[in-house]
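Q: The following comprises the amino acid sequence and a computationally predicted model.
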Amino acid sequence: MVQDVDTHLNDEVHLSPALQTKPASSWGVKVKKRLKIVTPYLGKFRPTVGHCCHQCTPESLGKTPGQKTSLGFHNVVAVDETQIRYRGWLVRRVCCVLFVSGCNVYPSPAGDRLHRVRQSIRVQEALAEEHTAPTGPCCMGNSNRLSPYHSLMNTCISPCFLRFGCWLCLKTLGSVFSSIQVNLNHLAALHHASQQGSPLVYVFMRQSVLDYVLVPLVLFSQNLRVPYTFCPQRISFSWLRSFLQKVGVVFLPFNALTEDDAEADNMYSPAMTALLRELLCEGQALSVSVCGETGHGGQWLARIRQVIKEGTVPDVSLVPVGISYDCIPDTGLPAGLTQVGLCSSFRCLWSLLWSQPSNSLRVHFAQPFSLKEMCTTGRCRVDGWRPLQELLLPNVLDGRTDDVVGQKMMSWILPSQYAPELIQSERDLSTALTLHLIYSTTSCMAVMSTGLVASLLLHRHRKGVFASALCRDVAWLTEELLFRNKDVGFGGSLPEVVSYALVLLGPRITVVSTTSRKDPFVIPRPSLDAITSLSVHAQIVTHSFITEAVGACAVSAMLYEVAGSGVSSRVRRSKVHAEEVKSDMEFDVALCETQLTQRTLQLCHLLPPGFVPPCQSSYSFALDAVDSLVRCGILVMEEVTRDAPVCDLWRKHRGLSSWPTTDDPYHSDSDCEEPDARSYKLSRPSQCPEMIFFLCSMLAGHLRALCWATEGVQHLATPMPVAECVAQIHSHLRNRAKQDKHYESCTEEAARIAVRTLTELGVLVEERQGSGTSLTVGPLFQLADNRQKLQLFISQYLYS
């Protein structure tokens with residue numbers, strides 16, 4: 001399903017005044033002339049994104065009415081007199097105030113919510129287990145034990161505070177962003193879902209502290225119920241905390257610095273589950289965030305599932321929200337917001353307010369789906385989960401060629417200290433739900449122009465590219481994304497889009513103008529901050545091309561094995577580029593489908609969450625990865641010549657031909673001949689390396705970090721705490737990146753993911769020590785040979 005966007009496509013790019021007054025460059029004119037011979041844009045039609053899963057929630061897929069094609073997009077911060085009932089010169093000066101005062105507000109007083117939470121069975125059982133006092137509902141011991149949570153229970157939504165807060169956010173965000181675009185078709189689906197009676201739960205991916213503001217602001221501006229927002233921040237200023245609690249923000253308790261500290265308290269989980277129950281019984285909407293890196297946020301989904309399972313609330317509708325930034329603003333907000341951190345945050349916000357608003361963002365609300373349908377019908381399956389070491393170590397250490405069938409278990413998504421009252425089957429189902437929402441929120445994010453340009457500069461033109469060639473690649477990549485049903489968050493003429501992205505990426509790139517050629521040359525800066533920033537922008541493009549990227553890495557691994565000292569080994573040794581190895585690719589090699597699928601399946605298990613659909617088996621994803629290379633023209637199926645035609649049903653046994661017996665109950669036509677194993681060839685060996693290297697480079701940062709982390713295990717003085725282990729691995733990655741200049745592999749996030757993957761593989765083993773967890777090197781990988789085998793296994797997928 002696609003949506004026509006001819007009427008508003010050119011209105012979606014909001015260039016800064018510096019760009020608007022900039023004269024048309026010669027390379028822009030050159031690009032316009034050359035675009036006449038380029039394949040026309042598929043961008044005349046906009047993909048409809050955000051459909052709920054047809055496998056897990058088919059009934060929810062058909063409940064939402066068909067989307068209209070004429071609603072277009074709306075800029076939330078562009079408030080003018082057309083959105084209010086009045087007209088005139090004075091009205092234009094106060095139109096934002098009039099707009100905020102005219103929006104619908106659904107007040108939600110706290111009332112006796114604290115009393116109801118105290119009397120809940122779950123809280124009373126938790127108090128009885130701690131033996132803090134007699135278990136009567138009105139006893140003083142209960143009050144003292146619940147005192148840290150009193151302010152959380154009294155969180156409410158006050159109409160006056162909400163209108164003032166939204167007016168302040170509109171004025172503030174209007175100074176930071178040039179536009180906040182939202183798809184009106186998605187909002188129409190939300191209006192329809194809000195009238196069905198089930199509370200709405202909005203789930204978004206954690207990227208910035210502004211995410212917690214954007215979702216309520218957009219919903220308020222569209223006359224939808226503002227949700228209670230669960231924000232994992234700690235604010236010490238009582239006046240700021242009190243104000244935010246009156247607009248529905250639920251913070252961590254005063255005595256907790258982080259989410260882990262809060263979950264360690266035995267009273268936190270029962271109290272928060274009881275609070276969720278009361279809010280959902282009142283019909284309130286909720287807003288929670290999930291983190292694909294740490295898995296935080298899944299505990300809220302698990303508690304909502306508990307409430308639904310109890311039957312106190314019939315059902316809720318989950319709404320994945322994709323928030324896409326041109327550039328994520330640096331607000332300076334730390335994980336735990338204290339008085340010292342708040343002062344630096346105010347300085348960052350003040351500098352943003354006085355800067356020229358050139359940044360923009362896109363908010364996509366995916367189609368709501370029923371939580372009860374997904375979890376109680378059995379469509380969301382969690383059977384077949386196996387530890388990663390069982391899936392990969394037989395291939396890594398023993399050299400086995402057969403694959404162990406199963407899905408990778410990710411128990412770290414919802415560890416035992418989070419929601420400890422859950423049994424293992426419920427914990428597994430909540431983990432599957434969290435993984436599904438991590439994938440859904442990432443899938444419905446729009447690809448911004450900065451993400452396109454950053455991906456091309458980082459993965460295809462690392463040594464620089466002329467602006468006209470960059471424009472042609474942007475046009476090609478945009479068509480590929482739209483072909484894959486991925487929405488883009490920009491519009492306008494191609495030179496303006498590229499110029500807009502280059503201005504926003506200015507601190508990360510260098511633009512060189514030469515007197516001999518009027519076409520400027522664009523080079524990514526070879527620094528840690530520049531490369532890591534480009535890598536963050538390019539992640540959304542990697543997510544869109546993940547099947548092709550996994551398949552390309554598998555092809556590279558097989559070519560390295562077949563050629564021995566050919567392309568892969570030469571590139572890996574001497575860092576030769578695609579232009580220099582085209583001659584090496586001029587050989588005829590057949591890639592067995594079984595082996596190619598096997599390599600692809602093994603690589604799937606090494607990917608972080610959010611890339612592979614959790615409702616799809618790893619084997620099915622591996623088959624799709626191979627097929628995607630055929631669809632994009634990299635591979636072509638090899639034609640097998642046969643001595644006998646396919647329709648010949650004769651059997652040859654010991655040189656004699658015979659008919660099959662008709663009374664054989666197991667007889668079928670397929671028994672007449674063993675099926676031939678299919679094989680593939682490179683479709684155009686002289687032209688494929690550049691595309692293969694572009695796709696392989698998308699996963700090179702993650703795989704290289706795993707290789708370096710495996711290499712750095714020998715330097716760890718284990719046992720040591722998890723945080724210290726991550727810090728030492730991070731330091732090792734930075735030292736290696738200084739040598740190889742691959743800075744995208746040395747981020748703190750890459751270190752955490754690498755440590756977690758090594759823990760799942762059994763390289764590092766968790767040990768309980770007192771109140772914390774320490775890591776030590778596993779017995780198998782105390783041997784250098786086994787560590788080297790693992791490092792070679794991972795490095796086979798690296799092209800450089």
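A: Happy to help now that I have it.

Q: pLDDT weak spots in the stretch 201-350 of the chain?
A: 331-350 (pLDDT under 70).

Q: so where's the stretch 701-800 of the chain uncertain?
A: Scanning the stretch 701-800 of the chain for pLDDT under 70 picks out 770-771, 800.

Q: where do the helices sit along it?
A: Under the criterion DSSP state H, counting those that start in this stretch, the stretch 701-800 of the chain contains helices at 722-740, 748-761, 784-795.

Q: and of these, who's closest to residue 555?
A: helix 784-795 (15.5 Å; Cβ to Cβ). Every C-beta, even on glycine, is put in place using the N, C-alpha and C of the backbone.

Q: buried residues in that closest one?
A: 786, 787, 789, 790, 791, 793, 794, 795 (16 or more other Cβ atoms under 10 Å).

Q: quick check: angle from that helix to helix 748-761?
A: 120 degrees (axes from the mean of the first three to the mean of the last three Cα atoms, to 10 degrees).

Q: just to revisit the earlier point, please identify the deepest-packed of the helices of the stretch 701-800 of the chain.
A: Of those, the one with the most neighbours on average (mean count of other Cβ atoms under 10 Å) is helix 748-761, at a mean of 22.

Q: tell me how far it is from the chain's mean position?
A: 17 Å (Cα atoms, centre = their mean, to the nearest Å).

Q: so what secondary structure elements neighbour it?
A: Other elements packing on helix 748-761 under the criterion 3 or more Cβ pairs under 8 Å, 6 or more residues apart in numbering; DSSP states H and E are helix 388-397, helix 688-712, helix 722-740, strand 764-769.

Q: what about residue 711, neighbour count?
A: 17 (other Cβ atoms under 10 Å).

Q: Now it: closest residue in space, sequence neighbours ignored.
A: residue 791 (6.1 Å; Cβ to Cβ, 6 or more residues apart in numbering).

Q: any idea how far residue 776 is from that neighbour?
A: 19 Å (Cβ to Cβ, to the nearest Å).

Q: And residue 257, by the same measure?
A: In terms of Cβ to Cβ, residue 257 sits 27 Å off from residue 776.

Q: For the two, work out which one has more neighbours and name it.
A: residue 776 (15 against 12).

Q: That one reaches residue 718, doesn't it?
A: Yes. Look at residue 776 against residue 718 with Cβ atoms under 8 Å: they come within range, at 4.1 Å.

Q: anything in contact with each of the two?
A: residue 764 (Cβ atoms under 8 Å, 6 or more residues apart in numbering).

Q: what about residue 181, is that helix, strand or coil?
A: strand (DSSP: H, G, I helix; E, B strand; the rest coil).

Q: which pair in the buried residues of helix 784-795 spans the largest distance?
A: 786 and 795, at 14.9 Å, using Cβ to Cβ across the buried residues of helix 784-795.

Q: just to revisit the earlier point, please produce a markdown table containing the helices and strands packed on helix 748-761, extended by distance to residue 439.
A: Formatted as a markdown table, these follow (distance: least, Cβ to Cβ, whole Å):
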| stretch | distance to residue 439 |
| --- | --- |
| helix 388-397 | 18 |
| helix 688-712 | 17 |
| helix 722-740 | 25 |
| strand 764-769 | 26 |
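
Q: closest to residue 417 out of those?
A: strand 764-769 (11.1 Å).

Q: Residue 743 and residue 508: what is the separation?
A: 11 Å.

Q: Report the central residue of the protein.
A: In the chain, the centroid-proximal residue (Cα atoms, centre = their mean) is residue 442; its distance is 3.8 Å.

Q: care to break this structure down by domain?
A: As assigned by automatic domain parsing, the chain contains the domains 2-49+447-544, 76-376, 550-642+674-688, 700-795.

Q: so which of those domains comes closest to residue 383?
A: Each of those has some distance to residue 383 by Cβ to Cβ; the shortest is domain 550-642+674-688, at 11.2 Å.

Q: looking only at pLDDT, what's the mean for the closest one?
A: Domain 550-642+674-688 carries an average pLDDT of 74.

Q: And the residue nearest to residue 97 when sequence neighbours are not counted, how far from residue 709?
A: Computed as Cβ to Cβ, 6+ apart, the closest residue to residue 97 that is not its neighbour in sequence is residue 167, at 6.4 Å. Here the criterion is Cβ to Cβ. By it, residue 167 lies 48 Å from residue 709.

Q: How about residue 743?
A: Taken as Cβ to Cβ, the span from residue 743 to residue 709 is 15 Å.

Q: So these two - more neighbours on which side?
A: residue 709 (27 against 22).

Q: Test my guess that the more buried one contacts residue 733.
A: Yes. Under the criterion of Cβ under 8 Å, residue 709 makes contact with residue 733 at 6.9 Å.

Q: Show me the common contact partners of these two, please.
A: Common neighbours of residue 709 and residue 733 (Cβ under 8 Å, 6+ apart) are 751, 754.

Q: List just the nearest of the buried residues of helix 784-795 to residue 392.
A: residue 793 (7.8 Å).

Q: quick one: the closest one and residue 397 touch, right?
A: No. Taking contacts as Cβ under 8 Å, residue 793 lies outside contact range of residue 397: 9.0 Å.

Q: Now stretch 426-435 - C-alpha only, PDB.
A: Provided in PDB are the C-alpha atoms of stretch 426-435 (Å, rounded to 0.1, in the frame of the first residue of the first chain):
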ATOM      1  CA  GLU A 426       5.800 -15.500  31.800                       C
ATOM      2  CA  ARG A 427       9.300 -14.000  31.700                       C
ATOM      3  CA  ASP A 428      10.000 -15.600  28.400                       C
ATOM      4  CA  LEU A 429       6.800 -14.300  26.900                       C
ATOM      5  CA  SER A 430       7.500 -10.800  28.200                       C
ATOM      6  CA  THR A 431      11.000 -11.000  26.700                       C
ATOM      7  CA  ALA A 432       9.500 -11.900  23.300                       C
ATOM      8  CA  LEU A 433       7.000  -9.000  23.600                       C
ATOM      9  CA  THR A 434       9.900  -6.600  24.400                       C
ATOM     10  CA  LEU A 435      11.900  -7.800  21.400                       C
END
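
Q: contacts for it?
A: Under Cβ under 8 Å, 6+ apart, the answer for stretch 426-435 is 290, 295, 297-298, 301-302, 305-306, 309, 371, 374-375, 380-382, 385, 410-411, 413-414, 419, 422, 609, 614.

Q: Tell me which entries of those residues lie within strands.
A: Per DSSP state E, strands hold the following members of these: 290, 385.

Q: Make a PyMOL selection of whichever of the contacts of stretch 426-435 turn out to be buried.
A: Remark: buried members of these, expressed as a PyMOL selection using 16+ other Cβ under 10 Å:
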select buried, resi 290+295+297+298+301+302+305+306+371+374+375+380+382+410+413+414+419+422+609+614
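
Q: Return the subset of the contacts of stretch 426-435 lying in helices.
A: Counting by DSSP state H, the part of the contacts of stretch 426-435 found in helices is 298, 301, 302, 305, 306, 309, 371, 374, 375.

Q: Fine, thanks again, bye for now.
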